[in-house]
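J.: Sequence and predicted structure are below.
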Amino acid sequence: APEALDQLVRLAGGDARRSLTYLEAAALLSDDITIEVVEKAVDKAAVRYDRQGDQHYDVISAFIKSMRGSDADAALHYLARMIEAGEDPRFIARRIVIFASEDVGMADPACLQTAVAAAQAVQLIGLPEGQINLAHAVIHCALAPKSNAVVKAIGAAVGDVRRGLIGQVPGHLRDAHYPGAAKLGHGEAYKYPHDFEHGLVRQYYAPEQIRDRRYYEPTRHGAEAPVAERWARIRDFLRGSP
């Protein structure tokens with residue numbers, strides 16, 4: 001049966017020898033090879049999962065929401081369902097990498113490093129061993145403190161740009177290396193932060209049209225709490241008159 005063939009392919013995981021072994025075992029049980037026969041032959045329950053249908057979207061949605069809700073056990077369950085159903089591990093890894101910035105962000109900056117490392121590991125070694133790397137990243141993401149401040153920040157900045165809030169780059173920030181730039185006043189009066197105490201100097205960086213806009217609004221969760229305090233001090237200093 002077509003669904004039995006699909007299940008044999010999933011269970012074989014790209015190993016032709018394993019697929020032949022499973023097929024032979026099923027054939028010994030019955031001439032009519034259904035998905036139930038495959039389950040008995042391989043001694044492995046079929047995972048009801050259609051990579052092009054609702055199950056695909058339902059499971060990945062539950063996977064992301066479980067990590068967001070900090071339930072590592074539930075997230076691992078959905079990870080296992082996707083792996084056992086033959087989901088592309090690279091797809092799973094990409095979703096974890098996105099999650100690391102979208103839902104954890106600066107609350108635990110190391111989470112993105114773990115997610116990227118897991119994605120690279122999956123590319124390097126594949127399955128089945130790659131499932132360990134994916135599980136490592138899932139547990140880190142699920143248990144990390146959460147913040148969506150990063151995604152909100154870039155969303156607000158992009159929104160302003162799309163509405164036409166762009167403005168001219170301040171003259172002192174413009175490139176002054178090409179011939180004729182000095183005559184145009186490019187780079188004139190630029191203050192090099194490294195020449196000042198704490199590496200900070202009061203000068204305008206944003207175009208005038210968005211000078212008072214605030215994009216990054218940190219939470220007080222996890223590692224983002226000290227970042228929030230530092231950013232508040234820096235922002236107050238920079239927004240003063242140059």
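T.: Noted; the coordinates are in hand.

J.: Could I get the average pLDDT for stretch 10-20?
T.: Across stretch 10-20, pLDDT averages out at 77.

J.: make that stretch 153-164, sorry
T.: Across stretch 153-164, the average pLDDT comes to 94.

J.: how close does the residue nearest to G86 when sequence neighbours are not counted sit to A16?
T.: Of all residues not flanking G86 in the chain, R10 sits nearest, at 3.5 Å (Cβ to Cβ, 6 or more residues apart in numbering). C-beta here means a position set from N, CA and C on the backbone, and glycine is covered the same way. Distance of R10 to A16, given as Cβ to Cβ, to the nearest Å: 14 Å.

J.: go on, Q203?
T.: As judged by Cβ to Cβ, Q203 and A16 stand 65 Å apart.

J.: Which one's more surrounded, those two?
T.: Using other Cβ atoms under 10 Å, the more surrounded residue of Q203 and A16 is Q203, with 14 against 8.

J.: pLDDT weak spots in the chain?
T.: Counting by pLDDT under 70, the chain contains low-confidence ranges at 43-54, 176, 178-185, 187, 241-242.

J.: Any idea which residue is closest to the centre of it?
T.: Most central residue of the chain, judged by C-alpha distance to the mean C-alpha position with Cα atoms, centre = their mean, is I98 at 1.5 Å.

J.: And the residue sitting furthest away from the middle of the chain, its phi and psi?
T.: The centre of the chain is farthest from one residue, D31, which by Cα atoms, centre = their mean lies 46.4 Å away. Geometry field for D31 lists phi and psi as phi -80, psi -20, criterion degrees, to the nearest 10.

J.: residues near the closest residue to G240 other than its chain neighbours, how many?
T.: Among residues not flanking G240 along the chain, R202 sits closest, at 5.5 Å (Cβ to Cβ, 6+ apart). Using other Cβ under 10 Å, R202 has 12 neighbouring residues.

J.: Can you tell me the element R202 falls in?
T.: For R202, there is no enclosing helix or strand under DSSP states H and E.

J.: same question, W231
T.: helix 224-238.

J.: in that helix, what counts as buried?
T.: The neighbour-count check on helix 224-238 (16 or more other Cβ atoms under 10 Å) flags 224-225, 227-228 as buried.

J.: Stretch 141-152 now?
T.: Of the residues in stretch 141-152, those buried by neighbour count under the rule 16+ other Cβ under 10 Å are 141-142, 144-150, 152.

J.: how close does A189 sit to Q168?
T.: Using Cβ to Cβ, which is the criterion applied here, A189 is 15 Å from Q168.

J.: how about the strands in this protein?
T.: Using DSSP state E, no strands are found in the chain.

J.: sorry, back to before: among the buried residues of stretch 141-152, list the two that are farthest apart in space.
T.: Using Cβ to Cβ, the pair of these lying farthest apart is A142 and K152, separated by 21.0 Å.
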